[in-house]
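S.K.: next input, structure requested:
(one chain, ligands or ions: 2)
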Amino acid sequence: MTQAFERVPSSWHEQIINLLAERVVIVDENGIILYINEGYCEFIGTTIEEAIGRPVQDVIENSRMHIVAKTGEKELASTQKINGSEMIANRFPILENGKTVGAVGNVMFRNPEEWRMYKTKIQNLVEELNYYQAKAQRDLQSKYGFEDLIGSSPVFLAAKTLAKRVSGGDSSVLLIGESGTGKELFAHAIHRNSPRASAPFVAINCSSIPEHLLESELFGYEDGAFTGAKKGGKKGQFELASGGTLFLDEIGDMPLSMQSKLLRVLQEKEVVRVGGHKSVAVDVRIIAATHRNLEKMVEKGEFRQDLYYRLNVIKIDIPPLRSRKEDIPAVAKRLLKKLEARFYRNGLELSSEVTERLMQHSWPGNIRELENVLERSINVLDGQTVRLTHLPLYLRDLDPKDRQQSEAAINSNDYSTYRAATEPVIVKPLKDTVAQAEKQAIQHALLVANGNKQEAAKLLEIGKTSLYDKCKIYEIK
Ligand SMILES: Nc1ncnc2c1ncn2[C@@H]1O[C@H](COP(=O)(O)OP(=O)(O)O)[C@@H](O)[C@H]1O
Ligand SMILES: [Mg+2]
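M.R.: Ligands and ions are numbered 1, 2, ... in the order given. Sure thing, here's the model as predicted:
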C-alpha cells in the first residue's frame with residue numbers, strides 16, 4: 001500500500017469503494033470473484049455468499065473481467081448486456097510489480113435514478129443506432145422494379161424497353177434526363193432485373209458529397225489514412241457494391257480530379273484504398289446518371305472525354321413529363337396510391353378539372369414536382385377528392401381562360417378587363433416587382449425541389465451560393 005493510503009483506516013475501505021461506485025466486482029488472475037458488493041449482487045439477482053469464489057463469467061452475464069485479468073488491458077466504457085439492457089462497464093487490471101494479478105470492474109451508474117436517465121437517453125441512442133444500421137443494410141438493395149415505372153407513351157416505352165433489354169448485361173449505362181424524371185428509379189429497376197439482383201445496389205450522389213470526402217467514400221480508406229479516420233479503415237462504395245451495381249448519381253457534378261481516379265478504377269477493375277497500397281479487385285456494374293449535358297461539358301473541358309466514352313456504352317434518355325403528357329393521369333394515380341399509404345388514407349381521387357390542369361402544366365421538376373404537388377394537396381384535403389382549390393397557387397393561377405382573357409386584354413390595351421381577370425394590379429417601382437417575381441420563382445423552385453436548395457439552384461440555373469444569398473434577402477427559410 002502506498003503511503004498516501006496507509007492513513008485511511010482499513011475499516012473504511014469497503015465503504016469508500018461503495019460510495020465511489022455502486023456496482024463493483026474484483027477478480028483474481030483466474031477470474032475468480034474475490035469481492036463483489038451488495039449493489040452489484042442485487043442488480044444481477046444473487047447474493048454475496050453465492051457469488052464469491054466462483055468464476056466471474058458464471059455469475060455476471062457477458063462479463064469480460066476474466067479476460068482483462070489475463071490480458072492486463074483496461075476496457076473503458078464498453079457496453080455489456082445485462083438483464084436485457086446495455087450497461088456501460090469499466091474494467092481495469094490490477095498490477096503488482098508490473099504483473100497483472102487481478103482486475104476490478106464497475107458498472108457506470110450508481111442508483112435507480114441514474115439508471116432510468118441512462119435508459120431513456122443512451123438506450124434510445126443505441127436503439128437508433130441499431131435502426132440505422134439495419135436501414136443501411138436494407139438500403140443496399142434495390143427498391144423498385146420495372147413495374148414501378150409508370151407510363152405508356154411511346155417515348156417512355158422506348159426508354160423502358162431499352163432499359164429492360166440491357167439489364168441482363170454488364171455494360172455501363174448512362175441515364176440522361178431532367179431532374180425528377182425517374183433516373184434513380186430506372187437504375188433500381190435495371191439492377192433488380194439483372195443477374196446481379198441478389199448482390200448489393202449501392203447508390204452514391206456525386207453532387208452531395210464534399211469533394212474532399214468523395215475519394216474515400218468511393219474507394220474506402222486504410223487505418224490511419226488521415227486524422228479522424230476510423231480504426232481498421234473503411235470499405236468504399238466500390239467494395240460495398242462488389243458483385244452488384246454501383247449507381248453514380250449526378251456524375252456531371254464529379255470534380256475533374258476525381259474523374260481521373262474513377263476512370264482508372266473502371267479501366268483496371270480494381271481499387272486502392274486511400275492511404276493504402278494493395279489493390280482490391282472489384283466486380284461492379286456501373287450505372288451513371290446526370291441531368292447535365294455531358295457532351296457540352298466535354299467540349300468545354302469540364303468532363304473527361306475518355307470517362308464519358310467509358311460510361312456512355314448504353315445511353316438511355318428519359319423523357320421529361322411535359323413530353324409525355326398522356327402519362328400524367330396514370331402517374332398521378334400511382335403517386336396518389338403511394339401517398340395514401342404514407343398518410344393513412346384511402347380512396348383518394350383527383351377531380352377531372354384537376355387531372356386536366358395537371359396535364360396543362362409544364363412540370364419543370366417532372367415527377368418529383370408532381371409528387372410534391374399531390375402531397376401538398378392531401379395535406380389540405382378535407383374529403384376524398386382533390387379539387388382545384390387544393391392545388392398550390394401557382395397551379396391554380398394557370399387557368400388558361402384567365403390567361404387568354406388577360407392576354408387579350410393586354411393586346412387590346414383594355415386594362416379594365418385585364419384587372420378583372422387577374423389579381424388587382426398595383427403599380428410599384430419596377431425593382432420591387434422584379435424582386436417579387438424573383439422571390440416567387442425561388443419559392444416555386446424550392447417547392448419543386450422539395451426544399452432541396454442544391455436541386456432548386458440547378459433548376460434556376462444559378463449558383464448555390466447565389467441562391468443562399470437570395471434566400472437570406474427574401475427571408476425564405
Ligand atoms: N415512371 C414513374 N412512375 C411513377 N413514379 C415515378 C416514375 N419515375 C419517377 N417516379 C417517382 O418520382 C420521384 C423522382 O424520381 P427519381 O428517380 O428520384 O428522379 P431523378 O433521379 O431523375 O431526379 C421519385 O419519388 C420516384 O419514385
Ligand atoms: Mg436523382
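
S.K.: ok, and what's touching stretch 252-266?
M.R.: Applying Cβ atoms under 8 Å, 6 or more residues apart in numbering, the external contacts of stretch 252-266 come out as 172, 206-207, 211, 214-215, 218-219, 238, 248, 271, 282, 286, 290-292, 294, 297, 302-304, 306-307, 310. Every C-beta, even on glycine, is put in place using the N, C-alpha and C of the backbone.

S.K.: kindly export the top helix by length along the chain (C-alpha atoms) in PDB.
M.R.: In the chain, with assignment by DSSP state H, the single longest helix is helix 430-448. Only the C-alpha atoms of helix 430-448 are listed here, as PDB (Å, rounded to 0.1, in the frame of the first residue of the first chain):
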ATOM      1  CA  LEU A 430     -40.000  48.100 -61.100                       C
ATOM      2  CA  LYS A 431     -37.300  46.900 -58.800                       C
ATOM      3  CA  ASP A 432     -40.000  45.800 -56.300                       C
ATOM      4  CA  THR A 433     -41.900  44.000 -58.900                       C
ATOM      5  CA  VAL A 434     -38.800  42.300 -60.200                       C
ATOM      6  CA  ALA A 435     -37.800  41.300 -56.600                       C
ATOM      7  CA  GLN A 436     -41.300  39.900 -56.000                       C
ATOM      8  CA  ALA A 437     -41.100  37.800 -59.200                       C
ATOM      9  CA  GLU A 438     -37.600  36.600 -58.200                       C
ATOM     10  CA  LYS A 439     -38.800  35.600 -54.700                       C
ATOM     11  CA  GLN A 440     -41.800  33.700 -56.300                       C
ATOM     12  CA  ALA A 441     -39.500  32.000 -58.700                       C
ATOM     13  CA  ILE A 442     -37.200  30.800 -55.900                       C
ATOM     14  CA  GLN A 443     -40.100  29.700 -53.800                       C
ATOM     15  CA  HIS A 444     -41.500  27.800 -56.700                       C
ATOM     16  CA  ALA A 445     -38.200  26.100 -57.400                       C
ATOM     17  CA  LEU A 446     -37.800  25.100 -53.800                       C
ATOM     18  CA  LEU A 447     -41.300  23.600 -53.800                       C
ATOM     19  CA  VAL A 448     -40.500  21.700 -57.000                       C
END
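
S.K.: buried sites along it?
M.R.: Lys439, Ala441, Ile442, Gln443, His444, Ala445, Leu446, Leu447, Val448 (16 or more other Cβ atoms under 10 Å).

S.K.: number of nearby residues for the closest residue in space to the first one that isn't next to it in sequence?
M.R.: What it means is Lys439. The shortest distance from Lys439 to any non-neighbouring residue, by Cβ to Cβ, 6 or more residues apart in numbering, is to Tyr474 (4.3 Å). For Tyr474, the neighbour count with other Cβ atoms under 10 Å is 14.

S.K.: let me know whether Tyr474 touches Ile442 as I believe.
M.R.: Yes: using Cβ atoms under 8 Å, Tyr474 is in contact with Ile442, at 6.7 Å.

S.K.: who are the neighbours in contact with the residue nearest to Lys439?
M.R.: Shown in contact with Tyr474 (Cβ under 8 Å, 6+ apart): Ala435, Glu438, Lys439, Ile442.

S.K.: how far away is the second one from Gly84?
M.R.: So the one you mean is Glu438. Applying Cβ to Cβ, to the nearest Å, the value for Glu438 to Gly84 is 58 Å.

S.K.: repeat for the last one
M.R.: Computed with Cβ to Cβ, the distance linking Ile442 and Gly84 is 52 Å.

S.K.: re the thing from before, right, is the helix or strand following the longest helix of the chain up against ligand 1?
M.R.: Using DSSP states H and E, the helix or strand that follows helix 430-448 in sequence is helix 453-460. No: figure legend: helix 453-460 not in contact with ligand 1 (Cβ under 6 Å from any ligand atom); closest approach 8.2 Å.

S.K.: next one: stretch 150-169
M.R.: Yes: on the criterion Cβ under 6 Å from any ligand atom, stretch 150-169 is in touch with ligand 1 at Ile150, Gly151.

S.K.: what residues of that stretch count as buried?
M.R.: Ile150, Gly151, Ser153, Val155, Phe156, Ala159, Lys160, Leu162, Ala163, Val166, Ser167.

S.K.: let's have the buried residues of helix 430-448 in JSON lines, adding distance to ligand 1 and pLDDT.
M.R.: Below are these laid out as JSON lines (distance: Cβ to the nearest ligand atom, whole Å; pLDDT from 0 to 100):
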{"residue": "Lys439", "distance to ligand 1": "25", "pLDDT": "88"}
{"residue": "Ala441", "distance to ligand 1": "20", "pLDDT": "89"}
{"residue": "Ile442", "distance to ligand 1": "20", "pLDDT": "91"}
{"residue": "Gln443", "distance to ligand 1": "20", "pLDDT": "86"}
{"residue": "His444", "distance to ligand 1": "17", "pLDDT": "84"}
{"residue": "Ala445", "distance to ligand 1": "14", "pLDDT": "87"}
{"residue": "Leu446", "distance to ligand 1": "16", "pLDDT": "87"}
{"residue": "Leu447", "distance to ligand 1": "14", "pLDDT": "82"}
{"residue": "Val448", "distance to ligand 1": "11", "pLDDT": "81"}
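
S.K.: how about low-confidence regions in this protein?
M.R.: 1-2, 109-115, 134-138, 225-230, 398-426 (pLDDT under 70).

S.K.: domains in it, by residue range?
M.R.: 3-114, 146-319, 426-477 (automatic domain parsing).

S.K.: can you redo these as CSV with distance to Glu326?
M.R.: Converted to CSV, the domains of the chain look like this (distance: least, Cβ to Cβ, whole Å):
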stretch, distance to Glu326
domain 3-114, 56
domain 146-319, 5
domain 426-477, 22
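
S.K.: pick the most buried one from those.
M.R.: Among the domains of the chain, domain 146-319 has the highest mean neighbour count (mean count of other Cβ atoms under 10 Å), at a mean of 18.

S.K.: re the thing from before, which of the contacts of stretch 252-266 fall in strands?
M.R.: Of those, the ones assigned to strands by DSSP state E are Leu248, Val271, Ile286, Thr290.

S.K.: got those residues as a markdown table, with distance to Leu370 columns?
M.R.: Listed next are these as a markdown table, based on distance: Cβ to Cβ, whole Å:
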| residue | distance to Leu370 |
| --- | --- |
| Leu248 | 26 |
| Val271 | 39 |
| Ile286 | 29 |
| Thr290 | 21 |
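
S.K.: which of those residues lies closest to ligand 1?
M.R.: Thr290 (9.5 Å; Cβ to the nearest ligand atom).

S.K.: wait, what's in contact with that closest one?
M.R.: Counted by Cβ under 8 Å, 6+ apart, Thr290 has contacts Leu174, Leu175, Ile176, Glu250, Ile251, Gly252, Asp253.

S.K.: look up which residues are beta-bridged to it.
M.R.: Bridge pairing for Thr290 (DSSP bridges) gives the partners Ile176.

S.K.: around ligand 1, pick out the residues from this structure.
M.R.: 149-151, 177, 179-185, 331, 334, 367-368, 371.

S.K.: hang on, the earlier thing: what's the farthest-apart pair in the buried residues of helix 430-448?
M.R.: Using Cβ to Cβ, the two most remote members of the buried residues of helix 430-448 are Lys439 and Val448, lying 15.0 Å apart.
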